[in-house]
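> turn this into a model:
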Amino acid sequence: MTTPPTVPANESSAAIAASGADRDRRAVYQARGITKIYHMGEVDVHALRGVDLDLYEGEFVVLLGPSGSGKSTLLNILGGLDVPTEGTVNYRGRDLMKDDDALLTGYRRDHVGFVFQFYNLIPSLTARENVALVTEIARDPMKPEAALQLVNMDHRLDHFPAQLSGGEQQRVAIARAISKRPDVLLCDEPTGALDINTGIVVLEAIERVNRELGTTTAVITHNAAIAEMADRVISVADGRISSVRRTAHKLPPQELRW
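Sure, this is the predicted structure:
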């Protein structure tokens, strides 16, 4: 198998991201010079150090890096959950850095689906009711039943979280995220709390959403095996993008091993 080329850390990741096949694709995100500094008492923590990043229409990207590398901070900035100390984030021609809190809330509600490592389901609500919390406020939602069917959870509609396994709860969380038909699905360590077999089922659900709905999908992980199912792999280290590579032969989730 031929190893796809890797971009050296000293080259512009944004320029490489826009090269080759990507030049003809529409950029969903264009982030430039993203720096994030957290002030912890007398100590400044540099979570991101001048990151340039493009994400494209309909692609599946894995942001790969160890804990503390800055990948979650980057995802939160793209999703409008956090703002950079310096730099710009452009979403489909819209400068998110000019948005106030109300506009960012609308952006998150209308355009972004989030999936986190921990499922954040409401224990007193069924799977259907957890998803309906989102569909009731979305502009053009799916029916909760349709979203749950997409992740193969339509047989557990009326079960409460305590009656579901970890993988089933995560699939309900994915259904909740996609039920509003977001343009972008941002996943932060979605398999981090799961064993390999359950994790693969969850990745199959995320891959299906990307493939069938065309949702631009970014998954952050420290698990290098997951990178093999991505269109592009963006490696993050010490608050910087260290390399970008296109996957020559994507693997289906069921063929991943870790």
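> tell me the SS of residue 108?
Assigned by DSSP: H, G, I helix; E, B strand; the rest coil, the conformation of residue 108 is helix.
> what's the first-to-last distance across stretch 251-258?
13 Å (C-alpha to C-alpha, to the nearest Å).
> okay, buried residues for that stretch please.
By neighbour count with 16 or more other C-beta atoms under 10 Å, stretch 251-258 contains the buried residues 253, 256. Just so you know, the C-beta spots here come from the backbone N, C-alpha and C atoms, and that holds for glycine as well.
> then stretch 72-87?
By 16+ other C-beta under 10 Å, the buried positions in stretch 72-87 come out as 72-80, 82, 84, 87.
> contacting residues around the one helix or strand residue 130 maps to?
If you go by DSSP states H and E, residue 130 is part of helix 127-135. Residues from elsewhere that reach helix 127-135, judged by C-beta atoms under 8 Å, 6 or more residues apart in numbering: 121-122, 125, 141-145, 147-148, 153, 156-161, 164, 172, 175-177, 179-180.
> lowest average confidence, helix or strand, in the protein?
Comparing helices and strands within the chain by mean pLDDT, DSSP states H and E singles out helix 13-17 as the least confident, with a mean of 45.
> that one: what's the following helix or strand?
Next helix or strand after helix 13-17 toward the C-terminus (DSSP H and E): strand 27-40.
> do you know how far residue 230 is from residue 106?
Taking C-beta to C-beta, to the nearest Å as the measure, residue 230 falls 29 Å from residue 106.
> which of those two has more neighbours?
Neighbours per residue (other C-beta atoms under 10 Å) separate residue 230 from residue 106, with residue 230 holding more: 25 against 13.
> which residues touch that one?
Neighbours of residue 230 in contact, by C-beta under 8 Å, 6+ apart: 60-62, 219, 247, 250.
> and if you look at residue 165?
Taking C-beta under 8 Å, 6+ apart as the contact definition, residue 165 lies against residue 198.
> over to the one 4 residues further on?
For residue 169, the contacting residues are 119, 121, 161, by C-beta under 8 Å, 6+ apart.
> among those residues, name the ones in helices.
Secondary structure from DSSP state H places none of the contacts of residue 169 in helices.
> and those, which is closest to residue 213?
residue 119 (20.8 Å; C-beta to C-beta).
> which residues outside the host helix or strand of residue 206 are in contact with it?
Residue 206 belongs to helix 196-213 when assigned by DSSP H and E. If you take C-beta under 8 Å, 6+ apart as the criterion, helix 196-213 is touched by 58, 60, 115, 150-152, 165-167, 170-171, 174, 178, 181, 185, 187, 190-191, 194, 215-217, 219, 226, 229, 252-254, 256-258.
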